[in-house]
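**Student:** here is my input, please return the structure:
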Amino acid sequence: MALPASYASDPARSRGRLHAEQRGETRGPRDAFQRDRDRIIHSIAFRRLRHKTQVFVAPDGDHFRVRLTHSLEVAQIGRTIARALGLNEDLTEALCLAHDIGHPPFGHAGEDALKAATGDAGGFDHNAHTLRVLTTLETPYPRFDGLNLSWETLEGLAKHNGPITRPGWALAEADAAFPLDLGSHASLEAQVAALADDIAYDNHDIDDGVRAGLIGFEAVVAQPHVAESWRTVTRRYPDVARDRLIAELVREQIGRMVNDVLDETRARIAVSGVERVEDVRTAGRTLAAFSPEMAERERGFKRFMYASLYHHPLQRAVAERAGEIVAGLVAAYRADPALLPDRWRAGLPGAEPGRTRHIVDFIAGMTDRYAVARYRDYIGPVDIAERF
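**Tutor:** Modelled structure (predicted):
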């Protein structure tokens, strides 16, 4: 096994956890980042991802992706890149597995509804809510709230998309409790996790979109970002039916994007001269990245996917109904907090904005199907499409 790079995050030099843990309270021969990964996997919030929207709302088909399977796919890609670059695989995996934990039911449609419903309470952001879930809302330990993750994991989740100059209320609260140096860049492990997310959903959404019949395969392979991969696949397997080649196309695309990241990141590291993880944070720019050519093609492909899949009329209709469900639940719990489960009702603050934030915390944790069930219980029938 190759030695770790000098600029990799080192669990032995972690900045620690918010709450001190006695040695007798830790279990098994694991380092700090391995414990973080395991705490995430064993959390209730992680398990709920199996019933949260990735692309399709409450998909009836067994083969469509959900937030849980997406997160596992991101982790696989992230670990591959981290290993090749000599980075810490366990920290990378923890970040990949946790990156979507803050998503509410119905994905971005649910998030938009929560933003609108909480405008006077500071709004809602799924990235910041991830930190809130992991530091406050999960309560598996007897002496403190949250999972008590290491500083490096929390920092990576907060800043994997780059430095933050104007944090919203949820992230500001997490930062006030355990300062995360929001104005600097995150570790290379966090930067890799962000790229792995892009690679996973760009390519696996091709599979789901074609399977659902919402995007045409010929239109996909005509895109500049995909065309060369498709030519390679068809040259390699000239006598194989197209349906058998979709998965091969996805694999080819992932491989090309991963190799591009490796080449570009190694070049940027060499030019920057970084030698320690602290140098990565003060480098002044993102070091893990697509090449300019790949980045341009990837942006163009995203525009195509938004126009053809994410904003497809059927998807937009379902998203509109999903937003109505979430907004209806916010209104119902605000009007009658007795509808909240006992534990949530007992913790309801007496004044705003705390009351609304508390209600939104509860709703954001819902799965798609739980939200639909509560809407039917408290408001009325719902005709949201659950099948493609």
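**Student:** pLDDT value on the residue lying farthest from the centre of the chain, please?
**Tutor:** With distances taken from the mean C-alpha point of the chain and given as CA atoms, centre = their mean, the most distant residue is residue 239, at 38.4 Å. According to the prediction, residue 239 has pLDDT 96.
**Student:** how about residue 208?
**Tutor:** We have a pLDDT of 83 for residue 208.
**Student:** domain parsing for the chain?
**Tutor:** Using automatic domain parsing, the domain parsing of the chain gives 31-113+124-188, 209-314.
**Student:** so which of the ones you listed is nearest residue 16?
**Tutor:** Evaluated with CB to CB, the domains of the chain place domain 31-113+124-188 nearest to residue 16, the distance being 6.1 Å. C-beta: built from backbone N, CA, C; applies to glycine.
**Student:** on that earlier part again, tell me who's in contact with the residue farthest from the centre of the chain.
**Tutor:** Residues near residue 239 by CB atoms under 8 Å, 6 or more residues apart in numbering: none.
**Student:** tell me the spacing between it and residue 203.
**Tutor:** Per CB to CB, to the nearest Å, residue 239 is found 24 Å from residue 203.
**Student:** residue 101 now?
**Tutor:** Distance of residue 101 to residue 203, given as CB to CB: 22 Å.
**Student:** circling back to that earlier point, so which of the domains of the chain is the most packed in?
**Tutor:** Per-stretch averages of neighbours, counted by mean count of other CB atoms under 10 Å, single out domain 31-113+124-188 among the domains of the chain, with a mean of 21.
**Student:** quick one: end-to-end distance for that one.
**Tutor:** 19 Å (CA to CA, to the nearest Å).
**Student:** and that domain, what's its mean pLDDT?
**Tutor:** Taken as a whole, domain 31-113+124-188 has an average pLDDT of 94.
**Student:** ok now it, how far from the chain's centre?
**Tutor:** 6 Å (CA atoms, centre = their mean, to the nearest Å).
**Student:** ditto for stretch 218-235
**Tutor:** Stretch 218-235 has its C-alpha centroid displaced from the chain centroid by 27 Å (CA atoms, centre = their mean).
**Student:** so what touches that stretch?
**Tutor:** With CB under 8 Å, 6+ apart as the contact definition, stretch 218-235 has outside contacts at 206, 209-210, 245, 248-249, 252-253, 256, 297-298, 300-301, 304, 308.
**Student:** identify, from the residues you listed, the entry nearest to residue 191.
**Tutor:** residue 298 (15.5 Å).
**Student:** summarise which helices and strands the helix or strand hosting that closest one is packed against.
**Tutor:** In the assignment (DSSP states H and E), residue 298 maps to helix 292-305. Applying 3 or more CB pairs under 8 Å, 6 or more residues apart in numbering; DSSP states H and E, one finds that helix 292-305 contacts helix 188-212, helix 224-236, helix 246-272.
**Student:** out of the ones you listed, nearest to residue 345?
**Tutor:** Closest among the helices and strands packed on helix 292-305, using CB to CB: helix 188-212, at 35.7 Å.
**Student:** what's the angle between that closest one and helix 292-305?
**Tutor:** Interaxial angle, helix 188-212 versus helix 292-305 (axes from the mean of the first three to the mean of the last three CA atoms, to 10 degrees): 40 degrees.
**Student:** going forward, begin numbering at 37 instead of 1
**Tutor:** Fine by me, first position is 37 from now on; the one you just mentioned is helix 224-248.
**Student:** next structured bit after helix 224-248?
**Tutor:** helix 253-257.
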